[in-house]
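1. predicted coordinates and the sequence they were generated for:
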Amino acid sequence: MVGFLRREFIGFVLASVLPADLAASSVRQTPIDPDLVQGILEAGKWTSSSDDNGGGEQLREEFIKTIVENYKKDKVNPSQKAIDGLGVLVLMLSVGEWGVSWKGKMPDDPARDRWLGPKTIMQGKHLMSYALGGIGIPHLDVDGAQRFLREVGRRYPAAVADLAAFTDRQTSFHYDRVRAAGGLCAANPRSVVIMSDLDGKPFDHGAVTYGGAKYCQRFNLNRKLNARQWQTLRHWCRIGLRDKAIQAWVIQDWLDRVWMPTYHSVMNRRAPGSVLEAFVLARIVNTSNGALKKALEAAGQTSDPESRIEAELANYAGKNQTHIGRVGLMRRPGAVVDHFS
């Protein structure tokens, strides 16, 4: 229900700030194409034994070219696969901050980083993310994380009882509150954080002490300790993220709840909008609904696509150093589409 309300909210915000003829239709007709999923998993160096120690992810040039050419076949009435493909570019290059491996001469990188991907789990987002930032490639949290954990329980019945404290529909879930209480805020985290799963198998991630005073003040002011709960969450997240079907579920869930309503709202104007603007707005709403509303208000009734994008990016960046650092990355999907167009 919460996910439905989020989709409706995105459409409502877009419709309330842009012209009244915007319509947000995001009903999926077919599941995500396996080729898209496979291309992502290969670029993310994913296997069924992977752990949260990713870095250096880059989409292949050929994979991106296929996505762009598939969309170019019919821009007026693109297929579900074509729309999904564009969303994949946003999720990986902008949200995940992945790079691109080019065979030939590469275009200019808007992020000015030679199209490199994140160097460690301290940067960007990863297919196996569970120890830092959130869950999976979108860094799922709150209701998104609860949907994921329920899906894990659906596929792995043994998880249901263990995850009940996290999936209770009457209780809000906050990833960093669970993490911060897991021992990260103890005087000596390495001696408190449990670094093996419920079966005694070691967690192969280095995020044992990633936190600090500001982090603990924000998420665990009273220095609560529940190391077992943090162990349990990581145990089932890792099992879920090692399942190819659940990886596909995570990707499709983001496409359905963030990308599709954004894409349709922008492209269904009486005078169709720019897919490049949809790229930017999808990344902004991935941060928060409030950020989306402010960005759209900043663009106002401007009709020029590039002027709209510049206004939205400027508003999103503001004086926030993290957001400022994302601006170039948010231009990457548009840059690769332009390159192959």
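-> Received the coordinates, thanks.
2. what ranges of this structure fall below the confidence cut-off?
-> Scanning the chain with the threshold set as pLDDT under 70 gives 1-27, 271-272.
3. and stretch 87-102, end to end?
-> 20 Å (C-alpha to C-alpha, to the nearest Å).
4. no no, stretch 79-99
-> End-to-end for stretch 79-99, by C-alpha to C-alpha: 26 Å.
5. use 11 as the first number for this chain going forward.
-> Sure, I'll start counting at 11 from here, so that last one is stretch 89-109.
6. give me the neighbour count for the closest residue in space to Thr40 that isn't next to it in sequence.
-> Using C-beta to C-beta, 6 or more residues apart in numbering and skipping residues adjacent in sequence, the residue nearest Thr40 is Gln90, 5.0 Å away. Where you see a C-beta, it was placed from the backbone N, CA and C, and this is true even at glycine. Using other C-beta atoms under 10 Å, Gln90 has 15 neighbouring residues.
7. Gln90: what's it in contact with?
-> Arg38, Gln39, Thr40 (C-beta atoms under 8 Å, 6 or more residues apart in numbering).
8. next one: it from Gln331, what distance?
-> Separation of Gln90 from Gln331 (C-beta to C-beta, to the nearest Å): 38 Å.
9. kindly report the same for Pro271.
-> Noted for Pro271: a distance of 29 Å to Gln331, by C-beta to C-beta.
10. okay, those two: which has more neighbours?
-> Pro271 (24 against 9).
11. measure that one to Gly144 for me?
-> From Pro271 over to Gly144 (counting by C-beta to C-beta), the distance is 20 Å.
12. repeat that for Lys75.
-> With C-beta to C-beta as the criterion, Lys75 and Gly144 are 30 Å apart.
13. who has more neighbours, these two?
-> Gly144 (20 against 13).
14. contacts only, for the more buried one.
-> Lys135, Leu150, Asp151, Ala155, Tyr185.
15. ok, the last one - contacts?
-> The one in question is Tyr185. With contacts defined as C-beta under 8 Å, 6+ apart, Tyr185 is in contact with Gly144, Ile145, Leu150, Asp151, Val152, Ala155.
16. wait, what's in contact with Phe176?
-> By C-beta under 8 Å, 6+ apart, the neighbours of Phe176 are Ala155, Gln156, Leu159, Phe183, Val188, Leu243.
17. likewise Gln39?
-> Gln39 makes contact with Gln90 under the criterion C-beta under 8 Å, 6+ apart.
18. and if we set it to 10 Å?
-> By C-beta atoms under 10 Å, 6 or more residues apart in numbering, the contact set of Gln39 is Ser89, Gln90.
19. list phi and psi for it.
-> phi -100, psi -30 (degrees, to the nearest 10).
20. assign Ile147 to helix, strand or coil.
-> What DSSP: H, G, I helix; E, B strand; the rest coil gives for Ile147 is coil.
21. need phi/psi at it.
-> Torsion angles, degrees, to the nearest 10, at Ile147: phi -60, psi -30.
22. ok, now which ones touch it?
-> With the criterion set at C-beta under 10 Å, 6+ apart, Ile147 makes contact with 50, 54, 56, 64, 67, 101-102, 105-106, 108, 134-139, 251, 257, 260-261, 264.
23. list buried residues within those residues.
-> When the contacts of Ile147 are checked for burial by 16 or more other C-beta atoms under 10 Å, the buried set is 50, 54, 56, 64, 67, 101-102, 105-106, 108, 134-139, 251, 257, 260-261, 264.
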